[in-house]
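J.: A predicted structure for the sequence below; I have some questions about it.
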Amino acid sequence: MASPGDGQSPVEALSSENPSPLAADSISSKSSGDSATCSIDESLKDYPFHFNRRYHKFKEGSYPFPNDDQEQERMDTQFNIIKQAQGNRLFFAPVQNARNILDVGTGTGIWCVALADSEQFPDAKITGIDLSPIQEEYVPDNVFFELQDCSELDWERPLGSFDFIYTQSLFGSLQDYAQYLITARKYLVPGTGWIECCELDIKPHCDDGSMPGAESESEDDEEEEDSSRRRRMRDAQARARNGSQPQEQDYAFKRWAEWADYASRRQGRPLRIAKQIKKWMIAAGYVDVRLITTKIPIGSWPKDQRLKAIGRRWAELVSDTLPAASYRTFSDGLDMTRDQIEVFLADVRQSLSNRSIHSYMKNYTVYGRRPSEDEEKGRMAPPPPPRKGAGR
Ligand SMILES: C[S@@+](CC[C@H](N)C(=O)[O-])C[C@H]1O[C@@H](n2cnc3c(N)ncnc32)[C@H](O)[C@@H]1O
């Protein structure tokens, strides 16, 4: 069996379905040409601008982040930090002998190139699709890029043809992520084709009560409501032990995440989809579904040196991401002016540099397999007839 990822050390303590609390330190375009996807004509590079940032032209307006050089650099940094936080793995699914691989929402194509360079699947054709033709031209011979909207129900590719469909950081891009999973399923090889989704939840979390406002978090499913209740108890106990008062001041980044969540839902492309992917994958008929949750600290507050380094880079990245993530979202979704947005973002940036707040984000990686036809028949067989005498 091929070993997933790029063979570096796993991070079981950091990544799991239920990762343990983080401890704070003492201070507190080339195209493969065989599909009917859109070929890149020059008019698709006639990009629109908003607040001096450049946005995609193909399917204009459907993705709220820019696609300029600054954004490309930001995407690659984000990709690299998430990869580092996940133990330098490129994926987790137990994919074997893949010959045909698709990266959906490929961005600069960084995953495709890294996968090709890793030589885990030397015979595979690796195709990245995106709304923006912003990928490197000089890439390994088995890497191809195409312009395609993955929210289309028909990808105009052979059904059952991919051994692996990967996606990272599509959160906030799609109106219906659950539908994306349903669509992708029909393009996977039955029985052996895997899908993997690596998605971030922007909501900040905290394990030790140091994040203001953690008590009043409104959660969106029962599972988290329970853990939220337990956490509030733990927070109250921690404060009691430290003799500290509840912190009433604001954590502007938490407020930013709430506003962004609200604005993105208002615009019909919710940012906070990560937690629901496992449920959607199961509902879409995938089997062997597994979730790996990774905590990514915001700031250099963790005791662990590796996490401290990740947290420092992540806080810088989040700070640098604010304009890209806020301009369209807050101006279109909340009718805010650029000045209003900038004033708010200044507050948010300051909150991100506060080392006494031990917040982190969660990244959800979920993978699942398309069952074979036989497996499906087995799963969908009608229940056995009631035994004689049963039900009395
Ligand atoms: C945040 S970037 C992530 C890029 C890359 N996966 C990574 O992790 O670095 C999201 C990418 O998805 C692309 N995208 C958004 N909506 C899409 C759609 N409907 N179909 C294809 N690509 C899409 C965007 O253009 C953008 O390049």
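T.: Received the coordinates, thanks.
J.: Any idea how many residues pack against Asp103?
T.: For Asp103, the number of neighbouring residues by other C-beta atoms under 10 Å comes to 24. All C-beta spots, glycine's among them, are computed from the backbone N, C-alpha and C.
J.: tell me the SS of it?
T.: Judged by DSSP: H, G, I helix; E, B strand; the rest coil, the three-state class of Asp103 is strand.
J.: ok, the closest residue to it other than its chain neighbours - how many residues close by?
T.: Among residues not flanking Asp103 along the chain, Gly128 sits closest, at 4.3 Å (C-beta to C-beta, 6 or more residues apart in numbering). Residues lying near Gly128 (other C-beta under 10 Å) number 27.
J.: Check the one 4 residues further on too.
T.: Ser132 has 28 neighbouring residues, counting by other C-beta under 10 Å.
J.: Surely it touches Glu60?
T.: No - using C-beta atoms under 8 Å, Ser132 makes no contact with Glu60, being 10.9 Å away.
J.: residues touching the residue nearest to Asp103, list them.
T.: 102-103, 106, 109, 111-112, 135, 143-146 (C-beta atoms under 8 Å, 6 or more residues apart in numbering).
J.: ok, 6 Å please
T.: The neighbourhood of Gly128, defined by C-beta atoms under 6 Å, 6 or more residues apart in numbering, consists of 103, 106, 109, 112, 145.
J.: Mind telling me what element the residue sitting nearest the centre point of the chain is part of?
T.: Most central in the chain under C-alpha atoms, centre = their mean is Glu199, positioned 1.5 Å from the mean C-alpha point. In this assignment (DSSP states H and E), Glu199 forms part of strand 194-206.
J.: What strands line up against that strand, and which way round?
T.: strand 164-168 (parallel), strand 359-369 (antiparallel) (DSSP bridges).
J.: quick one: average pLDDT of the helix or strand containing Ile341?
T.: Assigned by DSSP H and E, Ile341 falls within helix 338-352. On average, the pLDDT along helix 338-352 is 95.
J.: now it and strand 359-369, what's the angle there?
T.: Interaxial angle of helix 338-352 relative to strand 359-369 (axes from the mean of the first three to the mean of the last three C-alpha atoms, to 10 degrees): 100 degrees.
J.: next helix or strand past the helix or strand of the chain with the lowest mean pLDDT?
T.: Of the helices and strands making up the chain, the lowest-confidence element is helix 222-242, at a mean of 49, by mean pLDDT, DSSP states H and E. Heading C-terminal from helix 222-242, the first helix or strand you meet, by DSSP H and E, is helix 252-266.
J.: which residues touch that following helix?
T.: For helix 252-266, the surrounding residues in contact (C-beta under 6 Å, 6+ apart) are 172, 202-204, 213, 270-272, 329-330, 333-334, 347-348, 351-352.
J.: mind checking which helix or strand the residue lying closest to Gln249 once chain neighbours are set aside is in?
T.: Counting by C-beta to C-beta, 6+ apart, Gln249 lies nearest to Pro212, which is 5.1 Å off, once chain neighbours are set aside. Pro212 belongs to no helix or strand when assigned by DSSP H and E.
J.: Determine the number of other residues adjacent to Phe92.
T.: 21.
J.: Buried among the contacts of helix 252-266? Need that as a selection in PyMOL.
T.: Buried members of these, defined by 16 or more other C-beta atoms under 10 Å, are picked up in PyMOL with:
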select buried, resi 172+202+203+204+213+270+271+272+329+330+333+334+348+351+352
